[in-house]
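Student: Take a look and give me a structure for this.
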Amino acid sequence: MKKIINLFVVLLGMLVFTACSDNIDNPYAKESTISVVKSNLVFPARAASGVVEFHSQSTVSATSNATWCKTSVVGDTVKVAVEQNNNNDGRSTVVTLHNGTDSVNVPLVQAGLVFQLQVSSVSSNSDLAGSFAYAMSSNLDFKVLSAPDWVSVSNTEDSLIVSMTANTTGHLRSGYVKYNVGSYEDSINVVQYDFDNDLAGDYYFVGQNDAGKLLAYNAKVSKDSISLPDLDFNIPATFDASKIAISIKCGQNIGEFNGYYIYTIFADQDVNYWTKYNVGSYTYTAGFNYDSKDGTSAIFSGTFGTHEIGALLFSAFSAKELNDNSYIQELLVLHSPFLVKKSESPAKIASLEKQNDLKFVLR
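Tutor: Below you'll find the model as predicted:
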């Protein structure tokens, strides 16, 4: 996503008027005692300096009405220095040359911040060290305020380069690079993982039953399935590397139980509304995350129609055609399901009660 701060430069057209005369003398006309020979007071956004050269028969002083503009007079030259303009708007003032009661105004303008960066997040699906370059343009310095110790950031005239060291943690890792350019501050989310090394493997598939009790089933996660060996079910899945998320669909056959065909159905939290016999039109997606407390986990979320998906149903049918005639009942209802990897969170795993036996026999 592009981040653009527009340049607004205020161009002033200020004229220094001198007295004119024609065939009729003007008794009020007065010729200035200060003559501006040359001026260079158009500045970039960065701190800069310029000069005004002048002629005068008497001593000249110089002032500015802007705190960010400083002036000094050396001989027949006014030295002008402006501070960096960190704002997106251009700004202007005048430098006034004084000689007694006489004065001349010289216009000054300074550009505002221009910044464009074509990245808001960086994701590497490899644990190997690597670098990524993104187009960037800026008329002020890019400053890193903070970054993870495994991330380094540099920039060239037209690019931002984000580099990562090799990931040897055994899990997905992520963090934020916080930066500023002038008065503008933002962050870049940086993620590094390898699916086979850091995400695939043994999990618990966890959810609550209707009474609010946690049920945890052994699960094995791969890029194309979530298998539940306790139940002898296999849920077809799709992994999206750009979102670092795994998705399942409604109306998918996941196996058989006691001669019945078991299919996935999505419902709202109270199981008042459900996807019924819809096949494949809605997805339930779990984005992978890691923290030191819970290890690697992925919480499912999604919608169908105007409803939030709050429960995953394993429903039994007497035939492979999903309809009122073949529907039997729910074999299992899991509210607010999530995945948690076994190897990384002993405290979390210890709190889960494994339920490897189904609680009733289908009629």
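Student: Against Val151, how distant is Ser187?
Tutor: 12 Å (C-beta to C-beta, to the nearest Å). Using the backbone N, CA and C atoms, a C-beta is placed for each residue, glycine as well.
Student: Who has more neighbours out of the two?
Tutor: Val151 (19 against 15; other C-beta atoms under 10 Å).
Student: contacting residues for that one?
Tutor: Val162, Ser163, Met164, Gly175, Val177, Val190 (C-beta atoms under 8 Å, 6 or more residues apart in numbering).
Student: Please identify the one among these that lies nearest to Val109.
Tutor: Val177 (33.7 Å; C-beta to C-beta).
Student: what is the closest one paired to in the beta sheet?
Tutor: Ile188 (DSSP bridges).
Student: Around it, count how many other residues there are.
Tutor: Neighbours around Val177, by other C-beta under 10 Å: 20.
Student: Could you tell me how far it is located from Ser297?
Tutor: From Val177 to Ser297 the distance is 24 Å (C-beta to C-beta).
Student: Generate TSV for the contacts of Val151, with pLDDT as supplementary columns.
Tutor: Shown next, in TSV, are those (pLDDT from 0 to 100):
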residue	pLDDT
Val162	98
Ser163	98
Met164	98
Gly175	96
Val177	98
Val190	97
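Student: Taking those residues, please make a ChimeraX selection of just the buried ones.
Tutor: In ChimeraX, this line selects whichever of those come out buried by 16 or more other C-beta atoms under 10 Å:
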select :162,163,164,175,177,190
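Student: Need the max-distance pair from the contacts of Val151.
Tutor: Farthest pair in the contacts of Val151, by C-beta to C-beta: Ser163 and Gly175, 13.4 Å.
Student: returning to what we had before: now for Ser187 and Val151: what residues contact both?
Tutor: Val177.
Student: my hunch is that Ile262 is in a helix, does that hold up?
Tutor: No: counting by DSSP: H, G, I helix; E, B strand; the rest coil, one finds Ile262 to be strand, located in no helix.
Student: shouldn't it be in contact with Gln252?
Tutor: No: applying C-beta atoms under 8 Å, one finds Ile262 not in contact with Gln252, separated by 9.6 Å.
Student: So which of these two has more stuff around it?
Tutor: The neighbour comparison of Ile262 against Gln252 (other C-beta under 10 Å) goes to Ile262, with 25 against 16.
Student: Could I get the contacting residues of the more buried one?
Tutor: Here Ile262 is in contact with Phe233, Asn253, Ile254, Gly255, Glu256, Phe314, Ser315, Ala316, Phe317, Leu331 (C-beta under 8 Å, 6+ apart).
Student: what about it, distance to Lys79?
Tutor: Using C-beta to C-beta, we find Ile262 at a distance of 83 Å from Lys79.
Student: Can you tell me which of the contacts of Ile262 are buried?
Tutor: Phe233, Asn253, Ile254, Gly255, Phe314, Ser315, Ala316, Phe317, Leu331.
Student: Turn those residues into JSON lines, including pLDDT, secondary structure and distance to Ser92.
Tutor: JSON lines is the format used below for the buried ones among the contacts of Ile262 (pLDDT from 0 to 100; DSSP: H, G, I helix; E, B strand; the rest coil; distance: C-beta to C-beta, whole Å):
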{"residue": "Phe233", "pLDDT": "97", "secondary structure": "strand", "distance to Ser92": "71"}
{"residue": "Asn253", "pLDDT": "98", "secondary structure": "strand", "distance to Ser92": "71"}
{"residue": "Ile254", "pLDDT": "98", "secondary structure": "strand", "distance to Ser92": "69"}
{"residue": "Gly255", "pLDDT": "97", "secondary structure": "strand", "distance to Ser92": "74"}
{"residue": "Phe314", "pLDDT": "97", "secondary structure": "strand", "distance to Ser92": "70"}
{"residue": "Ser315", "pLDDT": "97", "secondary structure": "strand", "distance to Ser92": "71"}
{"residue": "Ala316", "pLDDT": "97", "secondary structure": "strand", "distance to Ser92": "76"}
{"residue": "Phe317", "pLDDT": "97", "secondary structure": "strand", "distance to Ser92": "75"}
{"residue": "Leu331", "pLDDT": "94", "secondary structure": "strand", "distance to Ser92": "74"}
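Student: Please tell me I have it right and Glu185 contacts Leu145.
Tutor: Yes: between Glu185 and Leu145 a contact is recorded at 7.5 Å, counting by C-beta under 8 Å.
Student: shared neighbours, these two?
Tutor: Lys178, Tyr179.
Student: Show the pLDDT at Lys348.
Tutor: On the pLDDT scale, Lys348 is placed at 60.
Student: I should have written Ser61 there, sorry.
Tutor: 96.
Student: Skipping its backbone neighbours, what lies nearest it in space?
Tutor: In space, and not counting its chain neighbours, Ser61 is closest to His98: 4.8 Å by C-beta to C-beta, 6 or more residues apart in numbering.
Student: Ser121 too?
Tutor: Counting by C-beta to C-beta, 6+ apart, the residue nearest Ser121 is Asn189, at 4.1 Å.
Student: swap in Gly255?
Tutor: In space, Gly255 is closest to Phe233, 4.2 Å off (C-beta to C-beta, 6+ apart).
Student: Good, we can wrap up now.
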